[in-house]
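Peer 1: Based on what follows, work out the 3D shape:
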Amino acid sequence: MKTINQHIKNNTFVRVYILYGKEEYLKNQFKNRLLNALLPDSRDMNLTVFSDEQVELETIVSETEMFPFMADHRVVLLDDVDIIAKDDKAVLAAFNNIPDTAVIILLSKKYTKASVMVKGANDNIYAACFDNVTESERQKYILSKLSKENIKITEDNMSRLLSVTGDDFYNINNETEKLISYLGDRDVVTEKDIITICSPRIEDKIFDAIDAIAKKDYKTAYKLYLDLKLLETPMAKIFANIIRQFRILLVTKEMLENGHNNQQIADATGVKPYFVSKYISQSNKFSKKALKSYYDYALTLLFDQRIGNLKEELMYELFFMKEF
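Peer 2: This next block holds a predicted model:
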């Protein structure tokens, strides 16, 4: 990402940019930054877009060979296309030899670091991975948006905001924009602001429901489930998250008993390191036997529902009324 920003700043571009990985928001953001830098005034005349389709390699090369009209560059945007060619090596060879006036921007959901196209990156082809963005990078992104509005946030409230937004950059961006609008003339984000304006994730609601179960407050737990239903969250998604949360709590409990640290727990469960302490705290509210019983019971209910022995609504009522 830093490399692309440097290319834009220096106005020196390579022939091909491969933007791959799961962070769709960031891929689109950098795609737009490149387009704005390459074609500030003449996009209609010098941009060809292929999106979600099969396209012949020869067609792509032909587009790059067209001379730019009253501009320095001609751009071909390939948005999750299936390039028809002999193999990826043939694609790399062709891309390495497009005219200096052309730039290809290729967005891909399927490429990984092991892909031939990515491993073939060189002085002409730059590949940027938008996966596994660190907590520090997420914080920097939020801080950059807040600082543009001269808004400050403490370290604790930054962690609190990230716990609400989760990892998805679309969500991070939307919730940060909402905070900025909500603050108005104020220049400091408070805990109350985050609680008031930021939308809790499904995982947060379920986390609170499991907390209520730990306190044997089954009425509150069921009410939190109903809140999710009012938000039109698919019932299957809710129950899948309940099972996932109890599995994480059970693994966390077992790993703690075996002397593992927070980072090891994060690696084993797929939970971000800054969330692990929350799971440790919650797992301590249950015995290991109770966690396993809830996990097994949820799986049993789901199986009965899927084979038609249990209605979906009743599955939730039974789960939230069960005590172990």
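Peer 1: Only C-alpha atoms from now on, for both contacts and neighbour counts.
Peer 2: Fine.
Peer 1: Ends of stretch 112-125, what's the gap?
Peer 2: Distance between the two ends of stretch 112-125: 15 Å, counting by Cα to Cα, to the nearest Å.
Peer 1: So for that stretch, what gets flagged as buried?
Peer 2: T112, M117, V118, G120, A121, N124, I125 (16 or more other Cα atoms under 10 Å).
Peer 1: Tell me if I'm right that the third one and I18 touch.
Peer 2: Yes. Contact between V118 and I18 holds when scored by Cα atoms under 8 Å: they sit 7.5 Å apart.
Peer 1: can you tell me which two in the buried residues of stretch 112-125 are farthest apart?
Peer 2: The widest separation within the buried residues of stretch 112-125, taken as Cα to Cα, falls between T112 and N124 and amounts to 19.0 Å.
Peer 1: rewinding a little: in helices, which of the buried residues of stretch 112-125 appear?
Peer 2: Mapping the buried residues of stretch 112-125 onto helices (DSSP state H) picks out M117, V118.
Peer 1: Enumerate residues external to stretch 266-283 that contact any of its residues.
Peer 2: Contacts to stretch 266-283, defined as Cα atoms under 8 Å, 6 or more residues apart in numbering, come from residues S159, S163, D211, I248, L249, L250, V251, T252, K253, N262, Q263, I265.
Peer 1: Any buried residues in it, and which?
Peer 2: Using 16+ other Cα under 10 Å as the burial criterion, the residues of stretch 266-283 that qualify are A266, T269, K272, V276, Y279, I280, Q282, S283.
Peer 1: try stretch 153-164
Peer 2: For stretch 153-164, the neighbour count (16+ other Cα under 10 Å) marks I153, N157, M158, S159, L161, L162, S163, V164 as buried.
Peer 1: tell me which residues in the longest helix seen in the chain are buried?
Peer 2: In the chain, taking DSSP H as the definition, the longest helix is helix 235-257. Neighbour-count burial for helix 235-257 flags 238-239, 241-243, 245-253, 255-256 (criterion: 16+ other Cα under 10 Å).
Peer 1: Among the residues you listed, which one sits closest to F207?
Peer 2: Q245 (7.4 Å).
Peer 1: so what's the closest one up against?
Peer 2: Q245 neighbours (Cα under 8 Å, 6+ apart): E203, I206, F207.
Peer 1: All the strands of the chain, in order from the start?
Peer 2: Using DSSP state E, the strands of the chain run over residues 16-20, 47-51, 54-56, 74-79, 82-84, 102-108, 125-129.
Peer 1: Note down every partner strand of the longest one and its orientation.
Peer 2: Paired neighbours of strand 102-108 in the sheet (DSSP bridges): strand 16-20 (parallel), strand 74-79 (parallel).
Peer 1: Please name the nearest non-neighbouring residue to K145.
Peer 2: T176 (7.6 Å; Cα to Cα, 6 or more residues apart in numbering).
Peer 1: try T190
Peer 2: Nearest residue to T190, sequence neighbours excluded (Cα to Cα, 6+ apart): N157, at 6.9 Å.
Peer 1: before we move on, what about V55?
Peer 2: I83 (5.2 Å).
Peer 1: Thought Q54 was touching that neighbour, still the case?
Peer 2: Yes. Using Cα under 8 Å as the test, I83 is close enough to Q54 to be in contact (5.9 Å).
Peer 1: Those two: which is more packed in?
Peer 2: More neighbours surround I83 than the other of I83 and Q54, with 18 against 12 (other Cα atoms under 10 Å).
Peer 1: List the residues that contact the more buried one.
Peer 2: Counted by Cα under 8 Å, 6+ apart, I83 has contacts Q54, V55, E56, L57.
Peer 1: you'd agree the second one is up against A85?
Peer 2: Read it as V55. No. If you go by Cα under 8 Å, V55 and A85 don't touch, sitting 9.0 Å apart.
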